[in-house]
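1. Okay, predicted coordinates and the sequence, questions at the end:
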Amino acid sequence: MQTNKAIPTNRSYPLRMPKGWEPPVPAWSSTFVDTQTSVSMALVGFQHPAGMDVMPHMAELHAVLESAEICDLLTSDAGGGLHETTCVAYWRNQGAAKATMSSGAYTAFWKKHIDADGYGVIKECVNIPFNRTETLFSGPVYGHGYSQMREGIVGPIPHHQYWGGMRDRIPLSAHDALEANGSSVCVVEQSGNHVVVEAHENLCIIRSGQDWSNCDDEQLSEYIDTIEPTLKAGMAFLRDQGDEVNCYSCRYMKDIALDGSNLRRSCGIAYFRTMRDLENWSEHHPTHLEIFNTFLSIAPRYGPNLQLQLWHEVSVLPATDCSAEYVNCRPGTGWMPT
């Protein structure tokens, strides 16, 4: 069984875990079958006026992406009167992902909507090798993101809740500093309002989520009244002022059903220039420190009885097999330069 949590002991770069470290709260990580070496992800959807009903379009998109093992529907406030409603799809097999995204059904869907007026379309596609990614969960019995197709779970693990744990959990970090080496995202094609962007080496993506669907009244109140406001403030900073910390974009998204109803889950999806930039925001910026310290002021009281489900997946991407395309979208959307 393969795990993206295999921490190499033979290292060029030392672990940042303090000697004798014992995490204040438990956490777990996903494992996958040995034959699976990567996961493919596509974020596809619409940038549209806040009052526009795009759910018929989303039902059409959901049907086009039916080959994906996972198809999460998400919506977010993009600011400036715009929303983004998207599908985040995952495949075990990169070939299956490429086949779907080049299929006749997808091509017809894309052409139909890029020729429409009044809204934009978004496509961000990446392939994530397991030696470049890590997952973390606050409990052992649920899965979100690409871990919905995991084989198993390991934990409680020691490598978390200290600064640097995220990097320690990525196997490639043992011998690679995972820097961008002066590169930035590159517009490789532009024709009017149609923009194609390619990633640079070691672009970092984080999807970090919250699920409060199983919280009793007490824990729900603590999440809604105490934790969530700090989370919203941090996500808004990254969305509106992310260039200050080398964050290309951030979407704070609510999970929805095909009828548009909320599912009592949310996630942030953010792209940073490098993992080091994500680490610097996490370790030093007051917006993230407020999130981190607020959680730690509440979670240890509940221990294993914490009902709020928290999770993330962090990946440092190779430049190959990573591209994005935007039509009729505002500058600064996703990877697109401002």
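-> Thanks, I have it. Numbering: from 1, shown residues only.
2. And the helices in the stretch 201-338 of the chain, which stretches?
-> Counting by DSSP state H, counting those that start in this stretch, one finds helices in the stretch 201-338 of the chain at the ranges 217-222, 228-241, 275-284, 286-302.
3. again but with the stretch 1-150 of the chain, I slipped
-> 55-64, 94-101, 104-114.
4. picking up where we left off before, want to try a markdown table for the helices of the stretch 201-338 of the chain, with mean neighbour count, mean pLDDT and distance to Q190 as columns?
-> Every C-beta, even on glycine, is put in place using the N, C-alpha and C of the backbone. Listed next are the helices of the stretch 201-338 of the chain as a markdown table, based on neighbours: other Cβ atoms under 10 Å; pLDDT from 0 to 100; distance: least, Cβ to Cβ, whole Å:
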| stretch | mean neighbour count | mean pLDDT | distance to Q190 |
| --- | --- | --- | --- |
| helix 217-222 | 14 | 96 | 46 |
| helix 228-241 | 18 | 97 | 23 |
| helix 275-284 | 18 | 97 | 25 |
| helix 286-302 | 15 | 92 | 33 |
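5. out of the ones you listed, nearest to V196?
-> helix 228-241 (22.8 Å; Cβ to Cβ).
6. That closest one - contacts with which helices or strands?
-> strand 70-79, strand 247-256, strand 262-272, helix 286-302 (3 or more Cβ pairs under 8 Å, 6 or more residues apart in numbering; DSSP states H and E).
7. and V196, which of the three is it?
-> Here V196 is recorded as strand under DSSP: H, G, I helix; E, B strand; the rest coil.
8. Could you check how far the residue lying closest to it once chain neighbours are set aside is from A324?
-> Sequence neighbours aside, E189 is the residue nearest to V196 in space, at 3.9 Å (criterion: Cβ to Cβ, 6 or more residues apart in numbering). Noted for E189: a distance of 11 Å to A324, by Cβ to Cβ, to the nearest Å.
9. which neighbours do the two share?
-> Listed as contacting both E189 and A324 by Cβ atoms under 8 Å, 6 or more residues apart in numbering are V196.
10. Show me which of those two is the more surrounded one.
-> Taking other Cβ atoms under 10 Å, E189 and A324 do not tie; A324 has more neighbours (21 against 11).
11. just checking, that one touches P337?
-> No: A324 is beyond contact range of P337, at 11.4 Å (criterion: Cβ atoms under 8 Å).
12. what residues are shared contacts of those two?
-> V197.
13. Could the C-alpha coordinates of stretch 243-259 be exported in CSV?
-> Below are the C-alpha coordinates for stretch 243-259, written out as CSV (Å, rounded to 0.1, in the frame of the first residue of the first chain):
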residue,chain,number,x,y,z
ASP,A,243,0.1,39.4,-4.1
GLU,A,244,1.6,40.6,-0.8
VAL,A,245,2.5,37.0,0.1
ASN,A,246,2.9,35.6,-3.4
CYS,A,247,-0.5,33.9,-3.5
TYR,A,248,-1.8,34.0,-7.1
SER,A,249,-5.4,33.4,-6.1
CYS,A,250,-7.6,32.0,-3.3
ARG,A,251,-11.2,30.8,-3.5
TYR,A,252,-13.2,30.3,-0.3
MET,A,253,-15.8,27.8,-1.5
LYS,A,254,-19.0,26.2,-0.2
ASP,A,255,-19.8,22.7,-1.2
ILE,A,256,-23.2,22.5,-2.9
ALA,A,257,-25.5,19.8,-4.3
LEU,A,258,-26.7,19.7,-7.9
ASP,A,259,-29.8,21.6,-6.8
